[in-house]
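Peer 1: After the sequence you'll find the predicted model.
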Amino acid sequence: MGLGMGLNLLLLLAMVATNILSLYHLSSLRHPSASPSHSHPIPVPDHLLHQLHTIRATISHLSRLHSAPSPPPPPPELLLFSRLSPIASSCSDHPDLLRRFMTYTPFSPCPRDTLSVAEPLLLRGCHPLPRRRCFSPTPPTPLAPSSLPSHPFPSSPLPDAAVLWPPTSPCRSFSCLPPNLGFDFRSTEPSRFLSFRSALDLPLPQLLTIANAAGAAPIRLALDIAGGTGTLAAHLKLMANATVVTTTMNLGAPYSEAAALRGVVPLHAPLQQRLPVHDGAMDLVRTGHAVNRWIPVPAIEFLLYDADRVLKAGGLLWIDRFFCKAADLQTVYGPLIGRLGYKRIKWAVGNKTDASGIKHGEVYLTALLQKPKQTTLPVGGGGSGKA
Ligand SMILES: *[C@@H]1O[C@H](CO)[C@@H](O)[C@H](O)[C@H]1NC(C)=O
Ligand SMILES: *[C@@H]1O[C@H](CO)[C@@H](O)[C@H](O)[C@H]1NC(C)=O
């Protein structure tokens, strides 16, 4: 708005200036022409021509600016923040969302935009989000400490008052959420990761035994990528006193709130960004169901190499029910995983028998892989000659 008015004013000034200069030019030409004795016209002074050119160029530049709808200026909070702290480059690829995210009243309650703006930005790779100076909304009724579950598999439903349910959401209670989303803590979740129904399953007691035998034990720290409500973290906490952090998004349901209520840490991090964990820190990394063929192959490749980065030497990578087309497993994903150079402890492939799986000829892969205990430098990489 302000920019548009400024442009109009500049345009007006430039036009007035041109007209005045043209008048001056004409009058200085006409004056000598009063005496017809001159056979050739008096040349126009160079500086005048130069100024006219400059003004014409300015006018055409301004009119071009004026005709193209110029974006509104960034919010002052964003400008201030950008000076204090750099923003991940993917954020600037989505200026409209970023502008919406950073348009708020400082020192006041933040807008309720987690689902409408913050997660859409995160899912587009804008991670970490810029910081804001406002108060994140909290549920209206304070939670009594006694209503917090004391066990990660609580026998009574999680307290609904712990979630700021979106007003438009069809579900505003944990009991209303579809049980298969990971919110059934009484029957589905307690047995998840424990039973062996097909070769695609890797029950945790077996995993811990394998870890012992493979020299990967104890599993003290782990990362569960796209781990929903944190059920793996809950199990490994009970079974092995392990600390597991879970990356999760609130797409369609309050996964992060549920994980936090269960006493396990939810990391609000998208799949395509560097895992917020230091190199070589983890004993185990699991990739969940959200890691599948819908993610572009190069993004999967970067994800796997980032998992490698955070795994300690000898650590375990558990690819849990990754799905893709059967042919792609042979030609694309198998070789891609093979390039990590990990030891295959488990490699199980099974048909994906749901409607979409049958339609696209998809298969599941569950793999347990071990990172080499010693780094083997590529031949020639260290200047050590040829093998
Ligand atoms: C976990 O830690 C507690 C407290 O140190 C201990 O009593 C318990 O036996 C440990 N559990 C396992 C499975 O290691
Ligand atoms: C899996 O699907 C393929 C192709 O549809 C079929 O040939 C194969 O027999 C199936 N395997 C099992 C174990 O059902």
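Peer 2: On my side now, so go ahead. Ligands and ions are numbered 1, 2, ... in the order given.

Peer 1: Next, the contact list for the residue in the chain positioned nearest to ligand 1, please.
Peer 2: As assessed by C-beta to the nearest ligand atom, ligand 1 sits closest to N241 within the chain, at 3.6 Å. Quick note: C-beta positions are derived from backbone N, CA and C, even for glycine. By C-beta atoms under 8 Å, 6 or more residues apart in numbering, the contact list for N241 reads R220.

Peer 1: confidence score at it?
Peer 2: Per-residue pLDDT puts N241 at 97.

Peer 1: For it, give its distance to C91.
Peer 2: 38 Å (C-beta to C-beta, to the nearest Å).

Peer 1: can you pull the contacts of T105?
Peer 2: Taking C-beta under 8 Å, 6+ apart, one finds C134 in contact with T105.

Peer 1: Can you classify it by secondary structure?
Peer 2: Here T105 is recorded as coil under DSSP: H, G, I helix; E, B strand; the rest coil.

Peer 1: What parts of this structure come near ligand 1?
Peer 2: Residues of the chain found near ligand 1 (C-beta under 6 Å from any ligand atom) are M239, A240, N241.

Peer 1: now the residues you listed as TSV including secondary structure and distance to R186?
Peer 2: Listed next are these as TSV, based on DSSP: H, G, I helix; E, B strand; the rest coil; distance: C-beta to C-beta, whole Å:
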residue	secondary structure	distance to R186
M239	helix	19
A240	helix	23
N241	coil	24
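
Peer 1: now the stretch 51-200 of the chain, which segments are flagged as low pLDDT?
Peer 2: 51-69 (pLDDT under 70).

Peer 1: Tell me which stretches of this protein form strands.
Peer 2: For the chain, applying DSSP state E gives strands covering 221-225, 243-247, 265-267, 282-287, 311-325, 343-351, 362-370.

Peer 1: could these go into CSV alongside distance to C134?
Peer 2: As requested, the strands of the chain are exported to CSV (distance: least, C-beta to C-beta, whole Å):
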stretch, distance to C134
strand 221-225, 30
strand 243-247, 25
strand 265-267, 21
strand 282-287, 34
strand 311-325, 37
strand 343-351, 47
strand 362-370, 43
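
Peer 1: Could you dump the ones you listed into TSV with mean neighbour count added?
Peer 2: TSV is the format used below for those (neighbours: other C-beta atoms under 10 Å):
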stretch	mean neighbour count
strand 221-225	24
strand 243-247	23
strand 265-267	19
strand 282-287	25
strand 311-325	21
strand 343-351	15
strand 362-370	21
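
Peer 1: domains in the chain, as residue ranges please.
Peer 2: 81-137, 193-370 (automatic domain parsing).

Peer 1: Go through these and name the closest to P166.
Peer 2: domain 81-137 (5.9 Å; C-beta to C-beta).

Peer 1: can you give me the helices in the chain?
Peer 2: 2-33, 46-67, 76-84, 89-92, 95-102, 119-123, 188-191, 204-213, 231-240, 255-261, 297-310, 326-328, 334-338, 355-360 (DSSP state H).

Peer 1: I'd guessed D306 sits against R274; true?
Peer 2: Yes: assessed by C-beta atoms under 8 Å, D306 is found in contact with R274 at 5.9 Å.

Peer 1: Tell me which of these two has more neighbours.
Peer 2: D306 (17 against 13; other C-beta atoms under 10 Å).

Peer 1: OK, contacts around the more buried one?
Peer 2: D306 touches R274, L275, counting by C-beta under 8 Å, 6+ apart.

Peer 1: same check, this time on L143
Peer 2: P159, A161, A162 are the contacts of L143 under C-beta under 8 Å, 6+ apart.

Peer 1: how far away is the closest residue to it other than its chain neighbours from P111?
Peer 2: In space, and not counting its chain neighbours, L143 is closest to A162: 5.4 Å by C-beta to C-beta, 6 or more residues apart in numbering. According to C-beta to C-beta, A162 stands 21 Å off from P111.

Peer 1: just V363 next, same as before
Peer 2: For V363, the distance to P111 - C-beta to C-beta - is 44 Å.

Peer 1: My guess is the residue nearest to L143 contacts L261. True?
Peer 2: Yes: taking C-beta under 8 Å as the definition, A162 is a contact partner of L261 at 5.7 Å.

Peer 1: Quick check on these two: which one has the bigger neighbour count.
Peer 2: Neighbour count, other C-beta under 10 Å: between A162 and L261, L261 has more, with 24 against 19.

Peer 1: Contacts only, for that one.
Peer 2: L148, P149, L158, P159, A162.

Peer 1: Buried ones among the residues you listed?
Peer 2: Neighbour counting with 16 or more other C-beta atoms under 10 Å marks P149, L158, P159, A162 as buried within these.

Peer 1: Surely the third one is in contact with S146?
Peer 2: The reference is to P159. No: using C-beta under 8 Å, P159 is not in contact with S146, being 9.9 Å away.

Peer 1: give the contact list for the residue nearest to T287 when sequence neighbours are not counted.
Peer 2: Nearest residue to T287, sequence neighbours excluded (C-beta to C-beta, 6+ apart): I225, at 4.8 Å. Going by C-beta under 8 Å, 6+ apart, I225 touches T247, L271, L275, V285, R286, T287, G288, A290, V291, L303, A307.

Peer 1: could I get the residues you listed as CSV with pLDDT?
Peer 2: Converted to CSV, these look like this (pLDDT from 0 to 100):
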residue, pLDDT
T247, 96
L271, 90
L275, 93
V285, 98
R286, 98
T287, 98
G288, 94
A290, 91
V291, 94
L303, 95
A307, 98
